[in-house]
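A.B. asks: below are the sequence and a predicted model for it; my questions follow.
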Amino acid sequence: MPTNFTVVPVKDNTRKADESNEEEDVDDNNVLKEEDEGTTGDGVPKENSPFINNTDNDKGNSYDGTNMALFEEEMDSNPMVSSLLNKLANYTNLTQGAQEHEEADDDEGPKKKTIKSPQMGTFMGVYLPCLQNILGVILFLRLTWIVGTAGILESLAIVGLCCSCTMLTAISMSAIATNGVVPAGGSYYMISRSLGPEFGGAVGLCFYLGTTFAGSMYILGTIEILLTYIVPKAAIFVAERKEDEVDALLNNMRVYGTCCLALMAVVVFVGVKYVNKLALVFLACVILSILAIYAGVIKTIFEPPYFPVCMLGNRTLQNHNFDKCLKTDIVDNLTVTTQLWKLFCDGTGLNATCNKYFDENNVTMVQGIPGLTSGVISENMWSKYGPLGMLVENKLTSYGGHDPSQDVYLPYVANDITTFFTLLVGIYFPSVTGIMAGSNRSGDLRDAQKSIPIGTILAIATTSFIYVTCVVLFGACIEGVLLRDKFGDSVKGNLVIGTLSWPSPWVIVIGSFFSCCGAGLQSLTGAPRLLQAIARDGIVPFLQVFGHGKANGEPTWALLLTAGICEIGILIASLDAVAPILSMFFLMCYLFVNLACAVQTLLRTPNWRPRFKYYHWALSFLGMSLCLALMFISSWYYAIVAMAIAGCIYKYIEYRGAEKEWGDGIRGLSLNAARYALIRLEEAPPHTKNWRPQLLVLLNLDSDQGVKHPRLLSFTTQLKAGKGLTIVGNVIEGTYLTKEAEAKKAEQNIKSSMSAERTKGFCHVVVSSNLRDGFSHLIQSAGLGGMKHNSVLMAWPGTWKQSNDPQSWRNFIETIRETTAAHQALLVAKNVDSFPTNQDRLGEGTIDVWWVVHDGGMLMLLPFLLRQHKVWRKCKMRIFTVAQMDDNSIQMKKDLQMFLYHLRLDAEVEVVEMQDNDISAFTYEKTLMMEQRSQMLKQMHLSRTEREREAQLIHDRNTASHATINDKADSGPERVHMTWTKDKLFTERNRNRECNTNVAVRDLFNMKPEWESLNQSNVRRMHTAIKLNEVVVNKSQGAHLVLLNMPGPPKNRGGDENYMEFLEVLLEGLNRALLVRGGGREVITIYS
């Protein structure tokens, strides 16, 4: 539905309209130059550069008006509509190279010049270039042979398959080309911006290779015409024996092809503009040749041309070395032998010994071009495939059998390759390529969105009609043996299609020669520019050098590479072998054009609004399927190689290439797939078998927004190995309006650290009024739908005692409470900076698990996941569990071993028996010091200096109290059973016991009244921490990693600081430790 715009004039008394236009920038027309300062650096204009936030071109144009004063503060970033429309009207989509080339050509002209607006219409800009590129070497050199070999019906099937493929591709391409302005760059631009840089780069390079090998094919066609039909005597290698003719021809093709390639490369390097100007001449040759064919067909109705084919029995003879199709001739009433006789007999006499088949069969002549009304069409309807060396025969009567050992030396016309249907498809397909010629010229078109669909589809319809009619007419006019004679040996080396043309075979020979020359030059001109466009996009790092060229933008280095690859095709030397190679690359390109259209249509992205309406996703899928089928029909091994090349390029760009955001369809497809998967995930929580830790990693940053503990990310990588969800979060204190820049800087730094540590995941930085709320928000809201974290990983606050702000450890404890309330697991890494990097390889050692309480099986699962990574692969797993006095430790060990067997985990099992010891004096002393420190810091409002001094004094006293007394005090409290057990290090305690016994005994009696006033709950907890620490350090001090259950924080928040002391004692003496707290669900199962 058309949209009506109404322009309302607004009077402005303070500024006249004509004054505003006096000082306009002369470079307004170039506002969208691809390599301008307003680009992203990848050759693509910024989305906001020409129209929004672009003040460079409008400096000095300050707004003085009064009518739009409400918006005057936004004028710097958001221009007036009039300015926007002016820039759109002056938009130019010429490539950088084209602009530089035009400027270099016009250096002698005036300094100030405006780029001429494109003026080419549909006929000259799209239709004729497509016609020239589609019609070419295969039509002139191979179509007659394909018709003769495959028969009319199968040839029509081949033409129908290939033309349907290109027509469906053209429909998809038209939809993409009319979806917005198509900058110069054509097919590569369309594919890459529709499917993303990975697919774009892979398909772009495939299209480049296809265009380059097309250049090889055209050059080989040029040389074949030259050496076979124009100047056969120019051959350097001449076969002395018939069986060597094929090798001699290939060697001649290699030598002359290399010389022709060098000459064409020099022409392209020196004067590419002359190549473009000669394009119409080459096109005229093609059209003239086709008209000559149709004229010749019409003439055969009245007067067929005389091109006799000499047959011996039913075998076709090469008519090079004899002038009369006779065994003997009568000269002066004498019977004499002819030149043909000498070819089959060992002498010239009538009594000479001759070939048996020659003796038994007559020599006859058949008309090579019997004419349209001759009825020969019925004989040419069916296929006549055969192996290499099979003789070309017709239905004439013959006597005698084949003798392959002798036939190869005789002048028979034979197959030079083994023929079958799929081979012919691969050879024929290059004759329908070239449909991208119109889109490649999009920068020169007056209205690309209108011209490209109409011109391309009309060109394909025209060429399809030409091919179909040629197949039928060739089969109806030409004798079958002549059709199957690839090089015209039976008609004295004439081009077979030339024998049909009018007024002379030379019209076709010369026309096809210049047509192949022009197509080769066009390929050598277009391919380097395509490679230069890919290189300048920066998506393939190793191609950067090919983005440079001469001062006028000519791609010198790309031309050299193109010539080198083209030489590979020329060294293959056989037109029939090169054609399937370029078929693969073009089919790959067309496949992805169809895929791009189908994806965009099915996704219904908001920007998908093509002006060309006659498309459907089903047609695109049909075209894509047809392309894939044709690839494997033509040559399954070439298809696999082409797909492997594209796949390797795709993965290379994915891992090493520059990241580009082109708004491509694959990204939209990923979003749709992600949305579908997220909705499916949210339907039900994951089964225990599918459970894996989905981590929220809480990072700390320094004052410069740098990551404090990068080893935490290393540990995340080792634990996750790229599987599942990882969210790396951080909280910045403040408001978002004032801390926006810091948040973005923090996010960039975190992403850089994640990249360095190979952590695959997402980054989430939150700005909150306080840290506690920020961490709470992260724990509650990080993730989306079913892709939410179920575990939180954080570092142990090692400096919590030295911190002046008690909020640091309070935030830590509140985070523990938050994760428990959210039913999420918690992992706390102590001494995280000593954890191994991803480059380390830990030797023989152990990962020790201290399984005190069962909280879902996290302790068993984590070591298994770690050992999947190469850092921990050599480590063995040990599981320790604690037995109380009334437990049967032997039975516990057996049960645990059976449990691990069912879990399919390999681990050593050990049951540690804990004695019901009385609470030691050391425990009372430790508890007393803890409560005194806590009480003093609560009651006394000390200055910062006094607080530090007091904390240090308490710390010193705590250290001195390490001299402990006997394990059993005479007047100690009642014995307690242990639910949590930990002890102080034996060696340190014994050493201190010996040197401080007297002091300790005196302190024991002096402090007894104070002990009685202690909180017995704290005493019991401290006793557990000390005893359990003693056992863990004794067993696991040399382990690479120790995992143990994390006790929960007290319900009464008044004991939070005491809780930190308990954990500190619990972890004392351990190098690498990981406290684990389950999320309240089973995470490991014995069932399959």
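C.D. replies: Cool, the structure landed. Just so you know, these numbers come straight off a predicted model, no measurement behind them. Residues are numbered from 1 along each chain as shown.
A.B. asks: residues contacting the residue nearest to residue 715 when sequence neighbours are not counted?
C.D. replies: In space, and not counting its chain neighbours, residue 715 is closest to residue 835: 5.2 Å by C-beta to C-beta, 6 or more residues apart in numbering. (C-beta placed from N, C-alpha, C; glycine too.) Counting by C-beta atoms under 8 Å, 6 or more residues apart in numbering, residue 835 touches 711, 712, 714, 715, 829, 1072.
A.B. asks: what does residue 581 give?
C.D. replies: Residue 581 neighbours (C-beta under 8 Å, 6+ apart): 213, 569, 572, 638.
A.B. asks: and the second one, what element?
C.D. replies: Residue 569 is part of helix 556-572, with elements assigned from DSSP states H and E.
A.B. asks: next, the angle from whichever helix or strand comes after that helix to helix 556-572.
C.D. replies: Per DSSP H and E, helix 556-572 leads on to helix 575-603 as the next helix or strand towards the C-terminus. Between helix 575-603 and helix 556-572, the angle comes out at 130 degrees (axes from the mean of the first three to the mean of the last three C-alpha atoms, to 10 degrees).
A.B. asks: could you give the mean pLDDT of helix 575-603?
C.D. replies: Helix 575-603 shows a mean pLDDT of 88.
A.B. asks: mind listing what's buried along whatever helix or strand comes next after it?
C.D. replies: Where DSSP H and E defines the elements, the next helix or strand beyond helix 575-603 is helix 617-634. By 16 or more other C-beta atoms under 10 Å, the buried positions in helix 617-634 come out as 617, 619-624, 626-628, 630-634.
A.B. asks: show me what secondary structure element comes after helix 617-634.
C.D. replies: Counting by DSSP H and E, the next helix or strand C-terminal to helix 617-634 is helix 636-656.
A.B. asks: so which other helices or strands are in contact with that following helix?
C.D. replies: helix 186-225, helix 575-603, helix 617-634 (3 or more C-beta pairs under 8 Å, 6 or more residues apart in numbering; DSSP states H and E).
A.B. asks: distance to residue 177 added to these, as CSV?
C.D. replies: Shown next, in CSV, are those (distance: least, C-beta to C-beta, whole Å):
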stretch, distance to residue 177
helix 186-225, 6
helix 575-603, 10
helix 617-634, 14
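A.B. asks: so which of those helices gets nearest residue 693?
C.D. replies: helix 186-225 (29.8 Å; C-beta to C-beta).
A.B. asks: tell me what angle the closest one forms with helix 575-603.
C.D. replies: Here helix 186-225 runs at 170 degrees with respect to helix 575-603, directions being taken by the same axes, to 10 degrees.
A.B. asks: the inter-axis angle of helix 186-225 versus helix 636-656?
C.D. replies: 140 degrees.
A.B. asks: re earlier: out of the helices and strands packed on helix 636-656, which is closest to residue 1083?
C.D. replies: Using C-beta to C-beta, the nearest of the helices and strands packed on helix 636-656 to residue 1083 is helix 186-225, at 35.7 Å.
A.B. asks: quick one: the helix or strand just after the closest one to chain centroid distance?
C.D. replies: Next along the chain after helix 186-225, taking DSSP H and E as the criterion, comes helix 245-270. With C-alpha atoms, centre = their mean, to the nearest Å as the basis, helix 245-270 stands 36 Å off its chain's centre.
A.B. asks: how about helix 245-270: buried residues?
C.D. replies: For helix 245-270, a neighbour-count test (16+ other C-beta under 10 Å) marks 245, 248-254, 256-258, 260-261, 264-265, 267-269 as buried.
A.B. asks: now swap in stretch 854-874 and tell me
C.D. replies: Burial within stretch 854-874, assessed by neighbour count using 16+ other C-beta under 10 Å, is assigned to 855-867, 869, 871-872.
A.B. asks: repeat that for stretch 468-488.
C.D. replies: For stretch 468-488, by 16+ other C-beta under 10 Å, it's 470-488.
A.B. asks: re earlier: what is the orientation angle of the helix holding residue 569 with helix 245-270?
C.D. replies: Orientation check (the same axes, to 10 degrees): helix 556-572 against helix 245-270 gives 170 degrees.
A.B. asks: show residues contacting helix 556-572.
C.D. replies: For helix 556-572, the surrounding residues in contact (C-beta under 8 Å, 6+ apart) are 209, 212-213, 215-217, 219-220, 253-254, 257-258, 261-262, 265, 268-269, 524, 527-529, 531-532, 535, 545-546, 548-550, 578, 581.
A.B. asks: just give me how far it sits from the chain centre.
C.D. replies: For helix 556-572, the distance to the chain centre is 25 Å (C-alpha atoms, centre = their mean).
A.B. asks: and for stretch 889-896?
C.D. replies: For stretch 889-896, the distance to the chain centre is 54 Å (C-alpha atoms, centre = their mean).
A.B. asks: send me it as CSV with only the CA atoms.
C.D. replies: Extracted in CSV, the C-alpha atoms of stretch 889-896 (Å, rounded to 0.1, in the frame of the first residue of the first chain):
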residue,chain,number,x,y,z
SER,A,889,32.9,-48.0,59.7
ILE,A,890,33.6,-51.2,57.8
GLN,A,891,30.1,-51.5,56.6
MET,A,892,30.1,-47.8,55.7
LYS,A,893,33.1,-48.3,53.5
LYS,A,894,31.5,-51.3,51.7
ASP,A,895,28.3,-49.3,51.2
LEU,A,896,30.1,-46.3,49.8
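A.B. asks: that concludes my questions; thank you for your assistance.
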